[in-house]
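Undergrad: this one's sequence-less:
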Ligand SMILES: Nc1ncnc2c1ncn2[C@@H]1O[C@H](COP(=O)(O)OP(=O)(O)OP(=O)(O)O)[C@@H](O)[C@H]1O
Ligand SMILES: [Mg+2]
(Lines give C-alpha, C1' and ligand atoms only; values in the text may rest on other atoms or scores of the structure.)
(Ligands and ions follow the chains in the order given, each with its own letter.)
Protein backbone atom coordinates (compact mmCIF):
# COMPACT_ATOMS: atom_id res chain seq x y z
CA UNK A 1 0.00 0.00 0.00
CA UNK A 2 1.32 3.43 -0.90
CA UNK A 3 2.32 5.50 2.07
CA UNK A 4 0.04 8.45 2.73
CA UNK A 5 2.06 11.59 2.27
CA UNK A 6 1.21 14.48 4.59
CA UNK A 7 1.26 17.87 2.89
CA UNK A 8 3.52 20.29 4.70
CA UNK A 9 3.12 23.99 5.31
CA UNK A 10 6.46 25.75 5.40
CA UNK A 11 6.75 28.13 8.33
CA UNK A 12 9.36 30.37 6.74
CA UNK A 13 11.26 30.37 10.02
CA UNK A 14 14.88 29.64 9.11
CA UNK A 15 16.08 26.33 10.54
CA UNK A 16 12.71 25.32 11.92
CA UNK A 17 11.11 23.38 9.08
CA UNK A 18 14.05 20.96 9.00
CA UNK A 19 13.06 19.84 12.50
CA UNK A 20 9.55 18.78 11.47
CA UNK A 21 9.93 17.04 8.10
CA UNK A 22 9.56 20.25 6.12
CA UNK A 23 6.68 22.06 7.85
CA UNK A 24 3.47 21.79 9.84
CA UNK A 25 1.02 19.13 8.65
CA UNK A 26 -1.46 21.05 6.49
CA UNK A 27 -4.69 21.99 8.27
CA UNK A 28 -3.51 21.36 11.81
CA UNK A 29 -3.62 23.53 14.91
CA UNK A 30 -0.33 24.25 16.63
CA UNK A 31 0.08 25.63 20.12
CA UNK A 32 3.04 27.91 20.81
CA UNK A 33 3.59 28.20 24.53
CA UNK A 34 6.15 29.65 26.94
CA UNK A 35 6.75 32.29 29.58
CA UNK A 36 6.50 35.99 28.84
CA UNK A 37 8.94 37.55 26.37
CA UNK A 38 10.09 34.25 24.90
CA UNK A 39 9.04 35.09 21.32
CA UNK A 40 5.54 33.62 20.95
CA UNK A 41 4.07 36.61 19.13
CA UNK A 42 7.12 36.90 16.89
CA UNK A 43 6.98 33.19 15.99
CA UNK A 44 3.28 33.36 15.19
CA UNK A 45 3.42 36.57 13.13
CA UNK A 46 6.49 35.32 11.24
CA UNK A 47 4.46 32.28 10.16
CA UNK A 48 1.75 34.48 8.64
CA UNK A 49 4.10 37.13 7.27
CA UNK A 50 6.39 34.64 5.54
CA UNK A 51 3.34 32.80 4.25
CA UNK A 52 2.34 35.93 2.37
CA UNK A 53 5.84 36.99 1.40
CA UNK A 54 7.39 33.69 0.34
CA UNK A 55 4.59 31.24 -0.35
CA UNK A 56 1.75 33.41 -1.61
CA UNK A 57 -0.56 32.08 1.11
CA UNK A 58 -2.96 34.60 2.66
CA UNK A 59 -3.15 34.73 6.44
CA UNK A 60 -5.22 36.21 9.27
CA UNK A 61 -3.83 37.47 12.59
CA UNK A 62 -6.23 37.90 15.51
CA UNK A 63 -4.48 40.20 17.96
CA UNK A 64 -5.99 40.13 21.43
CA UNK A 65 -3.04 41.35 23.47
CA UNK A 66 -2.01 44.47 21.61
CA UNK A 67 -3.71 46.79 19.18
CA UNK A 68 -3.20 46.10 15.50
CA UNK A 69 -1.31 49.37 15.07
CA UNK A 70 1.10 48.48 17.89
CA UNK A 71 1.67 45.05 16.40
CA UNK A 72 2.40 46.56 12.97
CA UNK A 73 4.93 48.94 14.48
CA UNK A 74 6.68 46.24 16.50
CA UNK A 75 6.90 43.92 13.53
CA UNK A 76 8.43 46.67 11.41
CA UNK A 77 11.50 46.32 13.63
CA UNK A 78 12.05 42.95 11.90
CA UNK A 79 11.57 44.58 8.52
CA UNK A 80 8.08 43.06 8.20
CA UNK A 81 5.72 45.50 6.56
CA UNK A 82 2.34 43.98 7.42
CA UNK A 83 0.50 46.97 5.96
CA UNK A 84 1.86 46.23 2.51
CA UNK A 85 0.32 42.75 2.48
CA UNK A 86 -2.88 44.00 4.10
CA UNK A 87 -3.28 46.37 1.18
CA UNK A 88 -2.74 43.48 -1.23
CA UNK A 89 -5.39 41.43 0.58
CA UNK A 90 -2.85 38.80 1.59
CA UNK A 91 -2.92 39.55 5.31
CA UNK A 92 -5.83 40.63 7.51
CA UNK A 93 -5.37 41.73 11.10
CA UNK A 94 -8.36 41.51 13.42
CA UNK A 95 -8.01 44.06 16.21
CA UNK A 96 -9.42 42.53 19.36
CA UNK A 97 -8.09 45.14 21.74
CA UNK A 98 -9.28 48.64 20.83
CA UNK A 99 -12.96 48.14 21.64
CA UNK A 100 -12.21 46.55 25.00
CA UNK A 101 -10.11 49.48 26.17
CA UNK A 102 -12.76 51.87 24.85
CA UNK A 103 -10.71 53.34 22.03
CA UNK A 104 -12.27 53.85 18.62
CA UNK A 105 -10.76 51.46 16.14
CA UNK A 106 -9.95 52.67 12.68
CA UNK A 107 -9.27 49.14 11.67
CA UNK A 108 -11.01 47.46 8.81
CA UNK A 109 -11.39 44.34 10.95
CA UNK A 110 -12.15 44.77 14.64
CA UNK A 111 -14.05 42.76 17.22
CA UNK A 112 -16.98 44.54 18.80
CA UNK A 113 -17.37 44.76 22.50
CA UNK A 114 -19.40 42.20 24.38
CA UNK A 115 -18.90 39.45 21.84
CA UNK A 116 -19.73 35.90 22.86
CA UNK A 117 -17.95 32.78 21.65
CA UNK A 118 -20.21 32.22 18.65
CA UNK A 119 -19.89 35.85 17.61
CA UNK A 120 -16.13 35.68 17.90
CA UNK A 121 -15.83 32.46 15.92
CA UNK A 122 -18.25 33.67 13.25
CA UNK A 123 -16.29 36.88 12.78
CA UNK A 124 -12.96 35.08 12.45
CA UNK A 125 -14.55 32.63 10.01
CA UNK A 126 -15.87 35.46 7.87
CA UNK A 127 -12.52 37.24 7.66
CA UNK A 128 -10.71 33.97 6.88
CA UNK A 129 -13.12 33.30 4.01
CA UNK A 130 -12.94 36.88 2.75
CA UNK A 131 -9.23 36.69 1.96
CA UNK A 132 -9.20 32.94 1.37
CA UNK A 133 -6.68 32.56 4.19
CA UNK A 134 -4.59 29.42 4.49
CA UNK A 135 -2.88 30.48 7.73
CA UNK A 136 -4.32 31.81 10.96
CA UNK A 137 -2.86 33.09 14.20
CA UNK A 138 -4.74 33.74 17.43
CA UNK A 139 -2.59 35.62 19.93
CA UNK A 140 -3.51 34.60 22.62
CA UNK A 141 -5.83 31.99 24.14
CA UNK A 142 -5.80 33.46 27.67
CA UNK A 143 -6.92 36.77 26.22
CA UNK A 144 -9.82 35.12 24.33
CA UNK A 145 -10.92 33.71 27.64
CA UNK A 146 -10.67 37.08 29.37
CA UNK A 147 -12.24 38.98 26.50
CA UNK A 148 -15.20 36.67 26.16
CA UNK A 149 -15.71 36.57 29.91
CA UNK A 150 -16.05 32.83 29.73
CA UNK A 151 -12.86 31.81 31.37
CA UNK A 152 -14.58 29.05 33.30
CA UNK A 153 -15.68 27.49 30.02
CA UNK A 154 -12.32 27.65 28.32
CA UNK A 155 -12.32 23.95 27.54
CA UNK A 156 -15.61 24.22 25.71
CA UNK A 157 -14.47 27.38 23.93
CA UNK A 158 -11.33 25.59 22.75
CA UNK A 159 -13.23 22.56 21.55
CA UNK A 160 -15.55 24.74 19.51
CA UNK A 161 -12.65 26.74 18.18
CA UNK A 162 -10.91 23.53 17.19
CA UNK A 163 -13.96 22.20 15.35
CA UNK A 164 -14.25 25.41 13.35
CA UNK A 165 -10.54 25.45 12.53
CA UNK A 166 -10.68 21.85 11.31
CA UNK A 167 -13.72 22.62 9.21
CA UNK A 168 -11.94 25.56 7.61
CA UNK A 169 -8.96 23.32 6.88
CA UNK A 170 -6.67 26.15 7.89
CA UNK A 171 -3.23 25.77 9.45
CA UNK A 172 -3.30 27.70 12.72
CA UNK A 173 -1.05 28.84 15.50
CA UNK A 174 -2.58 29.56 18.89
CA UNK A 175 -0.40 31.10 21.57
CA UNK A 176 -0.73 30.56 25.29
CA UNK A 177 1.26 31.21 28.45
CA UNK A 178 3.10 28.78 30.65
CA UNK A 179 4.73 30.29 33.65
CA UNK A 180 6.86 27.33 34.54
CA UNK A 181 7.13 24.70 31.82
CA UNK A 182 9.67 22.83 33.90
CA UNK A 183 6.99 22.24 36.51
CA UNK A 184 5.21 20.07 33.93
CA UNK A 185 2.43 22.51 33.15
CA UNK A 186 2.86 23.57 29.56
CA UNK A 187 -0.17 25.83 29.22
CA UNK A 188 -2.16 28.27 31.31
CA UNK A 189 -5.35 26.23 31.61
CA UNK A 190 -3.80 22.81 31.18
CA UNK A 191 -6.26 21.99 28.39
CA UNK A 192 -4.89 23.86 25.37
CA UNK A 193 -2.46 21.09 24.50
CA UNK A 194 -5.26 18.54 24.12
CA UNK A 195 -6.88 20.58 21.39
CA UNK A 196 -3.67 21.30 19.49
CA UNK A 197 -2.11 18.66 17.26
CA UNK A 198 1.31 20.16 17.81
CA UNK A 199 2.91 21.91 20.75
CA UNK A 200 6.01 24.07 20.57
CA UNK A 201 7.55 25.32 23.77
CA UNK A 202 9.70 28.47 23.79
CA UNK A 203 11.83 29.09 26.86
CA UNK A 204 15.03 30.49 28.30
CA UNK A 205 17.95 28.75 29.93
CA UNK A 206 20.78 30.35 31.88
CA UNK A 207 24.21 29.90 30.38
CA UNK A 208 27.33 31.73 31.60
CA UNK A 209 25.23 34.31 33.48
CA UNK A 210 23.25 34.98 30.33
CA UNK A 211 19.79 33.79 29.34
CA UNK A 212 19.69 31.84 26.10
CA UNK A 213 16.59 31.08 24.08
CA UNK A 214 15.63 27.55 23.14
CA UNK A 215 12.64 25.75 21.71
CA UNK A 216 11.31 22.26 22.14
CA UNK A 217 8.85 20.46 19.87
CA UNK A 218 6.82 18.82 22.59
CA UNK A 219 4.42 17.11 20.18
CA UNK A 220 3.71 17.13 16.46
CA UNK A 221 1.29 14.54 15.15
CA UNK A 222 2.08 12.83 11.84
CA UNK A 223 5.65 14.01 12.20
CA UNK A 224 8.94 12.48 13.19
CA UNK A 225 10.74 14.97 15.40
CA UNK A 226 13.30 14.88 18.16
CA UNK A 227 12.67 15.95 21.75
CA UNK A 228 15.89 17.92 21.80
CA UNK A 229 16.05 21.54 22.93
CA UNK A 230 17.19 23.68 20.02
CA UNK A 231 18.77 27.09 20.46
CA UNK A 232 17.20 30.01 18.61
CA UNK A 233 17.70 33.75 18.42
CA UNK A 234 15.44 36.69 17.78
CA UNK A 235 17.47 38.62 15.23
CA UNK A 236 16.72 41.83 13.36
CA UNK A 237 15.06 39.60 10.74
CA UNK A 238 12.98 37.63 13.22
CA UNK A 239 13.42 34.13 14.63
CA UNK A 240 16.28 31.92 13.46
CA UNK A 241 16.57 28.34 14.76
CA UNK A 242 19.88 26.45 14.94
CA UNK A 243 19.15 22.77 14.28
CA UNK A 244 22.71 21.68 14.98
CA UNK A 245 23.25 23.92 17.99
CA UNK A 246 23.51 22.55 21.53
CA UNK A 247 21.85 23.71 24.74
CA UNK A 248 23.57 23.00 28.05
N1 LIG B 1 13.98 43.98 16.58
C2 LIG B 1 14.33 43.07 17.47
N3 LIG B 1 15.53 42.46 17.39
C4 LIG B 1 15.89 41.52 18.27
N5 LIG B 1 15.12 41.09 19.28
C6 LIG B 1 13.91 41.63 19.40
C7 LIG B 1 13.45 42.63 18.51
N8 LIG B 1 12.21 42.97 18.87
C9 LIG B 1 11.91 42.20 19.94
N10 LIG B 1 12.93 41.41 20.28
C11 LIG B 1 12.97 40.43 21.38
O12 LIG B 1 11.73 39.72 21.37
C13 LIG B 1 11.15 39.74 22.66
C14 LIG B 1 9.63 39.80 22.56
O15 LIG B 1 9.17 38.74 21.82
P16 LIG B 1 7.60 38.44 21.73
O17 LIG B 1 6.82 39.67 21.92
O18 LIG B 1 7.42 37.68 20.49
O19 LIG B 1 7.42 37.51 23.00
P20 LIG B 1 6.09 36.93 23.63
O21 LIG B 1 6.44 35.55 24.08
O22 LIG B 1 4.97 37.09 22.69
O23 LIG B 1 5.90 37.87 24.89
P24 LIG B 1 4.58 38.23 25.71
O25 LIG B 1 4.46 37.17 26.73
O26 LIG B 1 4.90 39.56 26.27
O27 LIG B 1 3.44 38.25 24.76
C28 LIG B 1 11.66 41.00 23.29
O29 LIG B 1 11.63 40.89 24.70
C30 LIG B 1 13.06 41.08 22.74
O31 LIG B 1 13.94 40.30 23.53
MG1 LIG C 1 3.11 38.07 22.83
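TA: Now that the structure is in, tell me what you want to look at. What you see is a predicted model; the values in this text were computed from it and never measured. Numbers count the residues shown, from 1 in each chain. Ligands and ions are numbered 1, 2, ... in the order given.

Undergrad: quick one, phi psi at the nearest residue to residue 26 once chain neighbours are set aside?
TA: For residue 26, ignoring the flanking residues on the chain, the nearest one in space by Cβ to Cβ, 6 or more residues apart in numbering is residue 7 at 4.1 Å. The C-beta positions use only the backbone N, C-alpha and C, and glycine is treated the same way. Here is the backbone geometry of residue 7 (degrees, to the nearest 10): phi -80, psi 140.

Undergrad: can you tell me the closest non-neighbouring residue to residue 98?
TA: For residue 98, the closest residue by Cβ to Cβ, 6+ apart turns out to be residue 105, at 3.7 Å.

Undergrad: count of neighbours near the one you found?
TA: Using other Cβ atoms under 10 Å, residue 105 has 18 other residues around it.

Undergrad: and what of residue 68?
TA: Residue 68: 26 surrounding residues under other Cβ under 10 Å.

Undergrad: quick one: it from residue 26, how far?
TA: Noted for residue 68: a distance of 27 Å to residue 26, by Cβ to Cβ, to the nearest Å.

Undergrad: ditto for residue 122
TA: Distance, residue 122 to residue 26, using Cβ to Cβ: 24 Å.

Undergrad: likewise residue 37?
TA: With distances taken as Cβ to Cβ, residue 37 is found 31 Å from residue 26.

Undergrad: the residue nearest to residue 98 sits in which helix or strand?
TA: Residue 105 belongs to no helix or strand when assigned by DSSP states H and E.

Undergrad: quick one: pLDDT of it?
TA: Per-residue pLDDT puts residue 105 at 79.

Undergrad: same deal with the one 5 residues further on?
TA: What the model reports for residue 110 is a pLDDT of 94.

Undergrad: cool, residue 150 as well?
TA: Looking at residue 150, its pLDDT reads 60.

Undergrad: just name the shakiest helix or strand of this structure by mean pLDDT.
TA: Least confident helix or strand, the chain: helix 192-195 with a mean of 83, by mean pLDDT, DSSP states H and E.

Undergrad: ok, residue 23 touching residue 13?
TA: No: the pair residue 23 / residue 13 is not scored as a contact, 9.9 Å apart, by Cβ atoms under 8 Å.

Undergrad: three-state assignment of residue 47?
TA: With DSSP: H, G, I helix; E, B strand; the rest coil as the basis, the three-state label of residue 47 is helix.

Undergrad: what does the one 3 residues further on give?
TA: Three-state call for residue 50 (three-state DSSP): helix.

Undergrad: burial check on residue 145, number of neighbours?
TA: 20.
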